[in-house]
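Trainee: Here you go, sequence then predicted model.
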Amino acid sequence: MSYWMEMSCGKAASALFVNCIVAKLWISMYRGSMMFMSKADGKKTLESKDFRMTHMAQLNNSEYSGPLIAVLLYLHSQGVEADMACVLVVMGSIIHMWGLVILGPLGGPGLGGWTAVMGALPRYAGMFLLAIALQKCTAKDIGQFSAANIARYDRVGVPGA
């Protein structure tokens, strides 16, 4: 099997974190270069399609990376293997971010066009699979709250008291 098909939750969290850092550096380079421009050129840069695509993609990447990294690290700490989910969320995030930056929207629906869709679909599928893995992982914890345990907690007030 290849490296990508054996991706653990820990590797996926690391890959998403690195992608997030690189995306933040990329948008910072745009903003940094504007310090050396005239106000008119800076405004022109802010209104350019390239900047808007990069800014939109980086914001979207930041929006998804935090919760995904948190879930992936939790699953990793529990020893859960969710290889396909990890591959899908990492590849979807990379395709969405860098597809928009490099290729632009490529027509299609909305501002991001087909490029955004090509990245969003695998990321959503991976998130769905992560939700299933998370539910299976936490179901064993939820199962301990049977009716008998709940009645005992109500009677005692605090577990272990």
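Mentor: That came in fine, so what should we check first?
Trainee: residue ranges for the helices of the chain, please.
Mentor: 9-34, 39-47, 49-77, 83-103, 113-143, 147-156 (DSSP state H).
Trainee: residues in contact with the residue nearest to I69 when sequence neighbours are not counted?
Mentor: In this structure, I69 finds its nearest non-sequential neighbour in A13, 4.9 Å apart by Cβ to Cβ, 6 or more residues apart in numbering. Backbone N, C-alpha and C define where each C-beta goes, glycine included. By Cβ atoms under 8 Å, 6 or more residues apart in numbering, the residues touching A13 are 68-69, 72-73, 76.
Trainee: what does L100 give?
Mentor: By Cβ under 8 Å, 6+ apart, the residues touching L100 are 53-54, 56-57, 112, 115-116, 119.
Trainee: picking that back up, so for the residue nearest to I69, what's the pLDDT?
Mentor: For A13, the model assigns a pLDDT of 96.
Trainee: Please determine how far it is located from V71.
Mentor: Noted for A13: a distance of 9 Å to V71, by Cβ to Cβ, to the nearest Å.
Trainee: any weak-confidence spans in this structure?
Mentor: Scanning the chain for pLDDT under 70 picks out the ranges 1-5, 105-112, 139-161.
Trainee: Mind doing that once more with 50?
Mentor: For the chain, applying pLDDT under 50 flags the ranges 1, 154-158, 161.
Trainee: ok, of the contacts of A13, which one's closest to M91?
Mentor: Relative to M91, the closest of the contacts of A13 is L68; by Cβ to Cβ it sits at 12.5 Å.
Trainee: which ones are touching that closest one?
Mentor: Residues near L68 by Cβ under 8 Å, 6+ apart: 13, 16, 89, 93, 127, 130.
Trainee: any idea how far the fifth one lies from V87?
Mentor: It refers to M127. M127 is 13 Å from V87, where distance means Cβ to Cβ.
Trainee: who has more neighbours, the two?
Mentor: V87 (22 against 18; other Cβ atoms under 10 Å).
Trainee: Adding distance to K44, write the contacts of A13 out as a markdown table.
Mentor: What follows is the contacts of A13, written out as a markdown table (distance: Cβ to Cβ, whole Å):
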| residue | distance to K44 |
| --- | --- |
| L68 | 35 |
| I69 | 35 |
| L72 | 40 |
| L73 | 41 |
| H76 | 45 |
